[in-house]
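Q: coords please:
(4 chains)
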There are 2 protein chains.
Amino acid sequence: MPTIYEVAALAGVSPATVSRVFNGMNVSPEKSKLVRKAAEELSFTPSRTARTLRRQHSEVIALVIPDIENPFFTSLARGVEDVAQAAGYSVVLCNTDENAEKEARYLDIAISDNMAGVILAAAGDHSDLSKLIERKRPIVAVDRGPHGFDIDAVMVDNRAGGHAATTELVEQGYKRIACITGPSDVETAQQRADGWREVVQAAGMPATDDYLKYSDYRVAGGEAAMRELLDLPEPPDAAFITNNLMSVGALQVLAERGAVPPAVGMAVFGDLPFAGFAPKEITVVHLPARHLGVTAAKLLLDRINGDDQPARTIVLRNEVGSGSRA
Amino acid sequence: MPTIYEVAALAGVSPATVSRVFNGMNVSPEKSKLVRKAAEELSFTPSRTARTLRRQHSEVIALVIPDIENPFFTSLARGVEDVAQAAGYSVVLCNTDENAEKEARYLDIAISDNMAGVILAAAGDHSDLSKLIERKRPIVAVDRGPHGFDIDAVMVDNRAGGHAATTELVEQGYKRIACITGPSDVETAQQRADGWREVVQAAGMPATDDYLKYSDYRVAGGEAAMRELLDLPEPPDAAFITNNLMSVGALQVLAERGAVPPAVGMAVFGDLPFAGFAPKEITVVHLPARHLGVTAAKLLLDRINGDDQPARTIVLRNEVGSGSRA
DNA sequence: TTGAAAGCGCTAACAC
DNA sequence: GTGTTAGCGCTTTCAA
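A: From the prediction side, this is the model:
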C-alpha cells in the first residue's frame, strides 16, 4: 500500500503537498500535475482511516433503522443516500432488527469510528443517546421521536393519520373497527392507535382490548393478529392496520377466508409494498418515506456543518388515498 | 474523548495494559478490574479508527449491491449480516444503483477504509477488482459472477432456472412465449434469457428479437416491456420474466388489460415480493436469497481468517414452484 | 505479567 | 506556495 510519502518521493515534493493536492488546496499547477502522475503510477489510494484519525471525524454517516427488509425504510434510506452522496458523504446502513442491544452496538460503533453523524429510527423508546451527545456527534431522529433528548427530528403526524384512516372506515359504513398496531414500546404504534381510538370512541363503537392488537410491524405479526380478530366471538367488520408489512399479512388472512376488502374493511398506515395487486378498496395513508430521509439528511448535514440553532422538529404531511398511488 | 492514556493514568497502569484488557489478552485480574473501573468512570470507548490504522484492517465488511429497494438483495443482506454479526463483524451496505461509477467509488472506499473484505453483486460485467486484489483484500462475488477475476463466487444456476421456468410454460400449453430480461451487460440477464431461448427454440416456437426484451430489472422497466409486448401485432400468450421486480410491473400491466395469469401465462425468476396477493397461476423459480448471503459471508470469513485455497465457486439450487412459497 | 516506545498514514500548524 | 514536523489513539515488539 503506497502512502503519501512514496508519492511525494516519486513526485519530488513533500508529503504535505501531496496531501494538499488530494484535498483541493492551493498548489501550483506543475506540482499538482507531478503529484497526480505519481499517484496514478503507484495506484495510490489515500487512507481514509489515517485521515479520520487525524481529523477526528470521517465522511460517513450512519443510518440506523429497525428493519432493512421493510420497503418503507429502504425508501427512506434512498432519500438519505441521495442527499448524503451529493454532499460527499457515504451512508452506512445499520439494521437493528427492532433490537435495543443491536442498536446500542451500532451507536457505539458510530462513535468509535468517528462517524460524522447518525440518523436514527429508534428500535424502542429507550435509546441512549447520551454518549453521542456528550461527544457532540450530530444525531437526527427520523420517523420515531427523540424520547427526551434535545435533538432534531423528522416525523409524520401519526395520530392524525390514524384518525383520518379510521374516519374513512367509519364513513364507509363499517361498524366494528379493530386496530392492529406495532410494539407497545414504539411510539408510532401508540400514536397511530390513539388516532384510531379517538374516532372509534367518538362514533360510539367498541374500542375494547379485544379490538386493539399489539403486534410487531411484520408480515407474520399482521397475519397472526388478523387471525385472532376474525376468530373473536364478535369479529370486527373492518381493521385499521398501522403499518405496511402487517397489512400484507392481514390481507393474506382475509384472502384465505374469502373476505377480501371491501367484504371486510381495511385501512393502512403506510403504502402497501409493490401494491399493484392489492384490492383498490383499501384506504391508505401515504407516507413520504423518501422525503423523510431527504429531510433528515439535510438537517444532519446542517449540524455537521456547524449549524448551532436549537433543536428542530419537522412534521411532514401524509395524505389519505386509495390502494395505489396516483 | 477519553483515550487509553487517560484510562491508564486513572487506573495506575500503562496504556499497553489497557489495550490488553480491551483485547482479551492476559492481564492479572486485579489490574484488569482497575482498568475496567477506570474505563467505566470515564465512559471510555476505544477508537476503532486508531486501531484500524494500527492493525491495517477493520472489523467491517462491505456488502455492495445494485438495488437496496429490491427484496431479493435485502434478503441476501440479512443472510450476510447474520453470519457476519455472529463472527464479530459489522456489515455496511453500499447501494450502487446498477451504476458502475458508484460501484467503483464504493470499492475504493473499502480499500481506503481498510475494510476486512467485500461481498459484491456486481453492477455490470466490468467491475475492476484489481486494486482490491493487489492489496490482498478478500472479495467474494455473489449472484453475479467474478468476470475473469480469480475469486470465490456464490451463484444460482441462471440458465437452468430460465430453462425450467420456460419449460413449465410450454407444458401449460402456451404457444408464443416472450421473455423480459435485465440489462444486457448483466450476466444473469443473459443466462436466464439463454435458458428461455433454448426451450422456445427446441419447441419450435418463435424466439425473435420482438419477443426478447432487455430491460432494467426494475418495476417500471417490467411495465414498459410488457406493454410493448402486448402491443405487438402478434402479441405473446405468455412471458418469462427474469426477475422479481419486473414481474410486479408486468403483472400490473396485465391487470390493467384484464389479462391476469393464467389468461396470459407468466413465469418469474425469483420470488414475488410480498406475494400474498399475486395470482396462484404464476410459475416461480424460487431463489435462496438469504442463503446466498449466508454462503457468501462464510466464504469471505474463511478468507479473512487466512484460508488460502484456490478460488471456489458454489452454485446453489433453485426450485420451481407456484406463486407463493410453501 | 507489565511497561516503554515506535509507528500505522495522514493533516495542520508553523516556518520559510 | 511549499516543506518540516508533531501528533491523532491505538497495538505491538522488545525488554524487564
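Q: what about the closest residue to A:Leu254 other than its chain neighbours, neighbour count?
A: In space, A:Leu254 comes closest to A:Val260 once its chain neighbours are excluded; the distance is 5.3 Å by CB to CB, 6 or more residues apart in numbering or on different chains. Backbone N, C-alpha and C define where each C-beta goes, glycine included. A count of nearby residues for A:Val260, using other CB atoms under 10 Å in any protein chain shown, gives 17.
Q: my read is A:Val260 is in a helix, agree?
A: No. Applying DSSP: H, G, I helix; E, B strand; the rest coil, one finds A:Val260 to be coil, outside a helix.
Q: Now for A:Leu301, which secondary structure element holds it?
A: Using DSSP states H and E, A:Leu301 sits in helix A:289-304.
Q: how about the helix or strand that comes right after that helix: buried residues?
A: Later in the chain than helix A:289-304, the nearest helix or strand by DSSP H and E is strand A:313-316. Across strand A:313-316, burial judged by 16 or more other CB atoms under 10 Å in any protein chain shown covers A:Ile314, A:Leu316.
Q: go on, stretch A:29-41?
A: Buried residues in stretch A:29-41 (16+ other CB under 10 Å): A:Lys31, A:Ser32, A:Leu34, A:Val35, A:Arg36, A:Ala38, A:Ala39.
Q: which bits of the stretch 51-200 of chain A sit near chain B?
A: A:52-53, A:56, A:58, A:68-69, A:71, A:74-75, A:77-78, A:81, A:90, A:92-95, A:102, A:106, A:108-109, A:111-114, A:131, A:134-135 (CB under 8 Å from any CB of the partner chain).
Q: ok, which stretches of the stretch 151-300 of chain A are helices?
A: For the stretch 151-300 of chain A, the helices defined by DSSP state H, counting those that start in this stretch occupy A:158-171, A:187-202, A:219-230, A:244-256, A:289-304.
Q: Switch those helices over to CSV; also include mean neighbour count and mean pLDDT.
A: Converted to CSV, these look like this (neighbours: other CB atoms under 10 Å in any protein chain shown; pLDDT from 0 to 100):
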stretch, mean neighbour count, mean pLDDT
helix A:158-171, 22, 97
helix A:187-202, 22, 97
helix A:219-230, 21, 97
helix A:244-256, 24, 95
helix A:289-304, 23, 97
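Q: Just send those back as JSON lines, with distance to B:Pro206 too.
A: Output for those, formatted as JSON lines (distance: least, CB to CB, whole Å):
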{"stretch": "helix A:158-171", "distance to B:Pro206": "49"}
{"stretch": "helix A:187-202", "distance to B:Pro206": "53"}
{"stretch": "helix A:219-230", "distance to B:Pro206": "40"}
{"stretch": "helix A:244-256", "distance to B:Pro206": "36"}
{"stretch": "helix A:289-304", "distance to B:Pro206": "41"}
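Q: pLDDT wise, what is the closest residue to chain B within the stretch 101-250 of chain A at?
A: Nearest residue of the stretch 101-250 of chain A to chain B, counting by CB to the nearest CB: A:Ser112, 4.2 Å away. For A:Ser112, the pLDDT comes out at 96.
Q: how close does the closest residue to it other than its chain neighbours sit to A:Leu53?
A: Closest residue to A:Ser112 apart from its sequence neighbours, by CB to CB, 6+ apart: B:Arg48 at 4.2 Å. Using CB to CB, to the nearest Å, B:Arg48 is found at 10 Å from A:Leu53.
Q: again, but for A:Ile4
A: 14 Å.
Q: what does A:Ser90 give?
A: A:Ser90 is 18 Å from A:Leu53, by CB to CB.
Q: can you check A:Arg303 too?
A: 22 Å.
Q: B:Arg48 and A:Leu53 - which one has more neighbours?
A: Higher neighbour count among B:Arg48 and A:Leu53: B:Arg48, with 21 against 18, using other CB under 10 Å.
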